[in-house]
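In: Based on what follows, work out the 3D shape:
(chains A and B)
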Amino acid sequence: MRSLLRRRPVLGMTLASLSATAVGIAIALWIDWFPVQASSASPEIDTLYDILMIASVPVFVLVMAVVVYSVLIFRAQPGDMSDGAPIHGNTKLEIVWVTIPFILVSALAGYGWVVLNDIEAKAADTLVVDVTGRQFAWKFEYPGAGKSKVESDQLVLPKGRPTEFRIHTEDVIHDFWVPAFRLKSDAVPGLTTRLRTTPTKIGKYDVVCAELCGIGHSTMRQQVSVVPDGQFEQWLLKKKKSGGDKSDAGGDTASLTPGVGYGDAR
Amino acid sequence: MTLAAKIRAPGWYRATLMVPLAYLFAMGLVVGVRALYGWDPLLDADAVTTVSLIAMPLAFLVGIGCFDYWFYWASGRPTRPEDHSGHGASSWWDYFRVNTDHKVIGIQYICTTFLFFIIAGLLAMLIRAELAQPGTQFVDPNTYNGLFSVHASLMIFLFIIPVFAGIANYVIPLMIGAPDMAFPRLNALSFWMLPTAGVMMVASFFVEGGAFATGWTAYAPLSTKTPVGQQFFTLGVQFAGASSIATALNFLVTIITMRAPGMTFWRMPLMVWANFTTSLLVVIATPFIAGSQFFVLLDRSLGTHFFNTGAAGGDVLMYQHVFWFYSHPAVYIMMLPGFGIVSEVISTHSRKPVFGYRMMAFSLVAIVILGFTVWAHHMFVSGMHDWLRVPMMFTTMLIAVPTGIKIFSWLATLWKGVIHLTTPMLFALGFITMFTLGGISGIILAIIPVVIHVSDTYFVVAHIHYVLFGGSVFTIFAGLYHWFPKMTGRMYDESLGKLHFWLSFVFFNLTFGPMHLVGIDGMPRRVADYADQFATINLFISISSFLFGLSFLVFLYNMITSWRNGPRAVANPWRAHSIEWQVSSPPPIFNFDEIPTVVGGPYEYGVPGAVHAVFGDEKRKTPSPAGRAAATAGGGGAQPPPEGQIQ
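Out: Numbering: from 1, shown residues only, chains lettered A, B, ... in the order given. Prediction:
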């Protein structure tokens, strides 16, 4: 075996690498990496990640294969005091391994840019939601709902309607993150940051603070309910009537989408 | 010596006396100033702590004797001429005093940094204990925030950055054929600032309100609003940073001016190239983190408005820009020296010249330059200007090219070598594979749409540990095993070394690999509590991490017993060509009885009759034209001691 490897090292290594690459890509694509897809950005980002996996696995396999093969076939026998071949370099090879990574990363960066423009594209008929972080809870306001602004502890969104979040903070930096939407933005003192997306799947998903904001950071978790458009309008109307009263039972989102929880939707 | 004389002389007695005096001075200064302004109360505990955090470390450094020579010189009094009686170490106690020998300082650095490595590692064990289950088990959220903040700060500022400076301190002067560093007293001062900074960071656990709890990133305005423990970070970083800048200057001057005759830049070992480029990064970038922390300090202590937004005109994003303008290059400060170590280890232990030597050096320079153009990739979701994101994504991904050159060149060095799977070689190979994984997750973390989802999650925690542990720490272990015989004069236990490698390699992956999954699945980082759905995988990570922590004990046992009782090491156990292996193990007090002349490249393995450097006798026997030409041309080169001591 060892002598065979020594005679045709590159052939054996290539065959082993190709099969390892196939297995590696299969595993990478089989793993269920992401939470449920609940926004228009989710499928695009998940596909981008899959492409990155497909591009990455061969690189890692190549490095592993050369390391393992070198150790297997070029390992010194006990007592071997000889030196290796005095090879100082190979310009052609060096040009190859400068050019290929350059093309690869440029292509991936270009693809990333396209996806970025896609997920941040503006849309007509946008629902605006003001998201305000404070130590240690989120507050949501719906300014577009007529004169009386609706304020709520719960984030409720209509399915299929383009939404723009305008993110603020009352104290330190927080970060508004909905893993199911794949979207995240810091809430920065003195600035308004924006996120745009369209919820695509009815259900309840976590809203997480992703920027360390003090003692209560790890408990700064709330939920977003994505509901059918009609149900959303009803909820908004009820909220408006009660004058945005925070303790308003009418805003109980638990009754809106029975049986569809974060865990079930996964 | 009488007690009075002991207290006057530089050393621990004087330091022990001066530190409490500095505290009293701080208290007096605060009370005095507040009395002048008529403020109530006169004694403000936070203000006293802040002033004493500046005064006490300085008093310690003065007391221990870092400044004696300079004070004498500045005041016009006769300086004590350096008679080199303090050079070298004849007992363990010699490591506990101000010593100007680069080899002693190297050992001081390595041992001190490993002490903080152990402390920071124990903090990591506490973190994983708390995270083994959702909810609160052992520590309250504030303490938890302190644990990961101090863990990261110690690992970065008191372990990885300075341990590389320690290894380089020991080997660089030997490698370039110099009798010592260019500025030995500055070198000693650089070292003594380190334990000062480390003690400050650890001490923060014992003050009111607990340790600094804003992460090692200390983002404002959270860091301007937290209890006084934050000041221990703000000021501790100043001492660690000053230490790094002074050392880097020292390396630059040493490498530029003190190379042996014939040692052109293109004959320098890549370890020397790596420390040269790292030092450039340190000197240019480190002042920025010092600045960012001064802004926080001034906002906290003097009421300035750097981060007070609104009418006061502050800007919190400014903190992040300044901070990352240092802290991204800091990633390369923590990696380039490791690249140097791995080049030495792979070439020596596979008996082959480093493939593409010049490209290896150029790629280091390319990383230095590109390293300054990518900082905002840490800020893709920070609310900064949108347009800045795409160019920063591209430059970040471009760094894969020079890094790729290095990885592929190491692989090509292995190919057709005669590979000796010693412990340093195993760690170097472990480094190549794990760093490749860290590099791949780095590429993923450059692509904006993906980062919008995974930033501030456990995916980032996984990535940073793949590059800093699988990357940097593996190279540190490779370097320590490789130069252990040179530093101690004894051999380490090879089987224990291999056991250490395999245990760390396996449990490292079992600990940090799954973190990629939980991160993408929605678990944020820096949380004491998490959603129940992540419970199983976190328990698995915690158990792996405890075993990972235990694997370090094998290393510790091996190092301690081998240093005490290991078999005597020969001068050149690896049959390496570079100069440090041509002197005895450990080297003579002044490194060389006669300065060598460099006549060829450092890695000419397999080239018949090739040598890197020749010493006196051989020089006279076989004068090499190249060596002779360089010897006459090389001005400012090293001379034999004691004249070579540039003071």
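
In: from here on, contacts and neighbour counts on C-alpha atoms
Out: Fine.

In: Centre-most residue in the chain?
Out: Using chain A here. With distances taken as C-alpha atoms, centre = their mean, the residue of chain A nearest its centroid is A:R182 (4.6 Å).

In: was after chain B, sorry
Out: Short answer for chain B (C-alpha atoms, centre = their mean): B:I161, at 1.2 Å.

In: which SS state does A:Q222 fall under?
Out: Under DSSP: H, G, I helix; E, B strand; the rest coil, A:Q222 falls in the strand class.

In: contacting residues around it?
Out: Counting by C-alpha atoms under 8 Å, 6 or more residues apart in numbering or on different chains, A:Q222 touches A:A137, A:W138, A:Q154, A:D206, A:V207, A:V208.

In: separation between it and A:F140?
Out: A:Q222 sits 11 Å away from A:F140, taking C-alpha to C-alpha, to the nearest Å as the criterion.

In: likewise B:S504?
Out: 47 Å.

In: And the strands in the stretch 51-200 of chain A?
Out: A:127-134, A:137-142, A:150-152, A:155-158, A:163-169, A:174-178, A:183-187, A:193-197 (DSSP state E, counting those that start in this stretch).

In: So what does B:F615 look like in phi/psi?
Out: phi -110, psi 170 (degrees, to the nearest 10).

In: looking at it, it is touching B:F592, isn't it?
Out: No: B:F615 is not in contact with B:F592 according to C-alpha atoms under 8 Å; the separation is 9.3 Å.

In: and those two? which has more neighbours close in?
Out: B:F592 (20 against 16; other C-alpha atoms under 10 Å in any protein chain shown).

In: Report whether the expected contact of that one with B:P179 is present.
Out: Yes: counting by C-alpha under 8 Å, B:P179 is a contact partner of B:F592 at 6.6 Å.

In: Tell me, how many residues neighbour B:H385?
Out: 10.

In: got the contact list for it?
Out: Contacts of B:H385 by C-alpha under 8 Å, 6+ apart: none found.

In: Please pull out the lowest mean pLDDT helix or strand from chain A.
Out: Ranked by mean pLDDT, DSSP states H and E, the weakest helix or strand in chain A is helix A:262-265, scoring a mean of 35.

In: Run through the chain and note the low-pLDDT ranges.
Out: Looking at chain A here, since you left the chain open. A:1-6, A:144-148, A:243-266 (pLDDT under 70).

In: Not quite, go with chain B.
Out: Looking at chain B by pLDDT under 70, you get B:82-86, B:617-647.

In: Using PDB, write out the CA atom coordinates for stretch B:581-591.
Out: C-alpha atoms of stretch B:581-591 as PDB (Å, rounded to 0.1, in the frame of the first residue of the first chain):
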ATOM      1  CA  TRP B 581      20.900  26.100  17.200                       C
ATOM      2  CA  GLN B 582      24.600  26.600  16.500                       C
ATOM      3  CA  VAL B 583      25.300  27.600  20.100                       C
ATOM      4  CA  SER B 584      25.000  25.500  23.300                       C
ATOM      5  CA  SER B 585      21.600  24.700  24.900                       C
ATOM      6  CA  PRO B 586      21.000  26.900  26.900                       C
ATOM      7  CA  PRO B 587      23.100  29.500  25.100                       C
ATOM      8  CA  PRO B 588      26.100  31.200  26.700                       C
ATOM      9  CA  ILE B 589      25.200  34.300  28.800                       C
ATOM     10  CA  PHE B 590      26.200  36.700  26.000                       C
ATOM     11  CA  ASN B 591      24.900  34.400  23.300                       C
END
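
In: which bits of the stretch 101-250 of chain A sit near chain B?
Out: A:101-102, A:105-106, A:109, A:112-113, A:115-116, A:172-173, A:177, A:179, A:182-193, A:208-219 (C-alpha under 8 Å from any C-alpha of the partner chain).

In: one step back: which one among the contacts of A:Q222 gets closest to B:Y466?
Out: A:V208 (25.3 Å; C-alpha to C-alpha).

In: So that closest one sits against A:W177, correct?
Out: Yes: between A:V208 and A:W177 there is a contact under C-alpha under 8 Å: 5.1 Å.

In: A:K239 and A:V150 touch, don't they?
Out: Yes: between A:K239 and A:V150 there is a contact under C-alpha under 8 Å: 6.5 Å.

In: just to revisit the earlier point, okay, the contacts of A:Q222 in CSV with neighbour count next?
Out: As requested, the contacts of A:Q222 are arranged in CSV below (neighbours: other C-alpha atoms under 10 Å in any protein chain shown):
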residue, neighbour count
A:A137, 17
A:W138, 24
A:Q154, 18
A:D206, 19
A:V207, 23
A:V208, 25
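
In: So which bits of stretch B:200-209 are buried?
Out: Residues of stretch B:200-209 classed as buried by neighbour count (16 or more other C-alpha atoms under 10 Å in any protein chain shown): B:M200, B:M201, B:V202, B:S204, B:F205, B:G209.

In: Can you tell me which of those residues is closest to B:N142?
Out: So of the buried residues of stretch B:200-209, ranked by how close each gets to B:N142 (C-alpha to C-alpha), first place is B:G209, at 8.4 Å.

In: how about the residues of the stretch 201-350 of chain B near chain A?
Out: B:A213, B:T214, B:G215, B:A220, B:P221, B:L222, B:T309, B:G310, B:D315, B:V316, B:S350.

In: per the record, what domains does chain A have?
Out: A:2-73+A:94-119, A:127-255 (automatic domain parsing).

In: Tell me which of those is the most buried.
Out: domain A:127-255 (a mean of 20; mean count of other C-alpha atoms under 10 Å in any protein chain shown).

In: and it, how far out from the chain's middle?
Out: Centroid separation between domain A:127-255 and its chain, computed with C-alpha atoms, centre = their mean, to the nearest Å, is 19 Å.

In: Repeat that for stretch B:460-467.
Out: 17 Å.

In: And the contacts of it?
Out: Under C-alpha under 8 Å, 6+ apart, the answer for stretch B:460-467 is B:434-435, B:437-439, B:441-442, B:445, B:454, B:512-513, B:515-516, B:519, B:525.

In: Report the contact partners of residue 226.
Out: Since no chain was named, I'll use chain A. A:V156, A:L157, A:P158, A:K159, A:P199, A:K201, A:I202, A:G203, A:K204.

In: You answered for a different chain; I wanted chain B.
Out: B:T226 neighbours (C-alpha under 8 Å, 6+ apart): B:F212, B:A213.

In: Phi, psi for it please.
Out: When read as degrees, to the nearest 10, the backbone of B:T226 gives phi -90, psi 170.

In: In the stretch 1-150 of chain A, what residue spans correspond to helices?
Out: Shown for the stretch 1-150 of chain A, the helices assigned by DSSP state H, counting those that start in this stretch span residues A:2-7, A:9-30, A:41-74, A:91-119.

In: where exactly do the strands run in chain B?
Out: Secondary structure of chain B (DSSP state E): strands located at B:597-598, B:613-614.

In: Now the ones you listed in JSON lines, please, with extra columns for mean neighbour count.
Out: Formatted as JSON lines, these follow (neighbours: other C-alpha under 10 Å):
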{"stretch": "strand B:597-598", "mean neighbour count": "29"}
{"stretch": "strand B:613-614", "mean neighbour count": "24"}
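
In: Export those strands to TSV and append columns for distance to B:A55.
Out: Output for the strands of chain B, formatted as TSV (distance: least, C-alpha to C-alpha, whole Å):
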stretch	distance to B:A55
strand B:597-598	47
strand B:613-614	48
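
In: Please produce JSON lines containing those, extended by distance to chain A.
Out: Output for those, formatted as JSON lines (distance: least, C-alpha to the nearest C-alpha, whole Å):
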{"stretch": "strand B:597-598", "distance to chain A": "19"}
{"stretch": "strand B:613-614", "distance to chain A": "18"}
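
In: Now do the contacts for A:G24.
Out: A:V57.

In: For it, give its distance to A:V10.
Out: Counting by C-alpha to C-alpha, the gap from A:G24 to A:V10 is 20 Å.

In: Next: B:P596.
Out: Per C-alpha to C-alpha, B:P596 is found 42 Å from A:V10.
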